[in-house]
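Asks: Model the structure of this input:
(one chain, ligands or ions: 1)
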Amino acid sequence: MQCGTCGQHYQVDNVDVLGQQEDLWFLRVFCSACRTQYLVVAVVKEGRVSEVITDLTEAELEKFRNMGMVISDDVLDMHDFLKDFDGDFSWLFSRK
Ligand SMILES: [Zn+2]
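Replies: Numbers count the residues shown, from 1 in each chain. So this is what the prediction gives:
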């Protein structure tokens, strides 16, 4: 996994697992090089890992953490979206 901003590879210490729901893993990663923090949703399916870097704000991230992985409508929507998605995440990364 590497930083979407500066390309620095994340250290294990910079990755927090926030929770897991079926094949979705919610991770918070912090880049020690450029000090950017991301919420990452990783999809683990059939041995393959795809990741989506979300554009949640810090406040939303805090709210998410405080919920303690209670599944919100937003997360369910994302789950449905990801289930229907064909696995090509390149367009998500190229949106910025
Ligand atoms: Zn960085």
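Asks: What are the boundaries of the helices in the chain?
Replies: Applying DSSP state H to the chain gives helices spanning 58-67, 73-84, 90-93.
Asks: For stretch 5-14, measure first residue to last.
Replies: 15 Å (Cα to Cα, to the nearest Å).
Asks: what do you get for stretch 10-22?
Replies: 24 Å.
Asks: Let's test this: mean pLDDT of it, rounded?
Replies: What stretch 10-22 shows for mean pLDDT is 83.
Asks: Is any residue of stretch 18-29 near the ion?
Replies: No. Judged by Cβ under 5 Å from the ion, stretch 18-29 stays clear of the ion, getting no closer than 9.4 Å. Using the backbone N, CA and C atoms, a C-beta is placed for each residue, glycine as well.
Asks: Check which residues of that stretch are buried.
Replies: L18, G19, L24, W25, F26, L27, R28, V29 (16 or more other Cβ atoms under 10 Å).
Asks: residues of the lengthiest strand in the chain that come out buried?
Replies: Of all the segments assigned as strand in the chain under DSSP state E, the longest by residue count is strand 37-45. Using 16+ other Cβ under 10 Å as the test for burial, strand 37-45 gives Y38, L39, V40, V41, A42, V43.
Asks: Of those, just say which sits nearest to the ion.
Replies: Relative to the ion, the closest of those is Y38; by Cβ to the ion it sits at 9.2 Å.
Asks: wait, doesn't that closest one sit right on V29?
Replies: Yes. Using Cβ atoms under 8 Å, Y38 is in contact with V29, at 5.2 Å.
Asks: I'd assumed N14 was in contact with Q2.
Replies: No. Using Cβ under 8 Å, Q2 makes no contact with N14, being 11.0 Å away.
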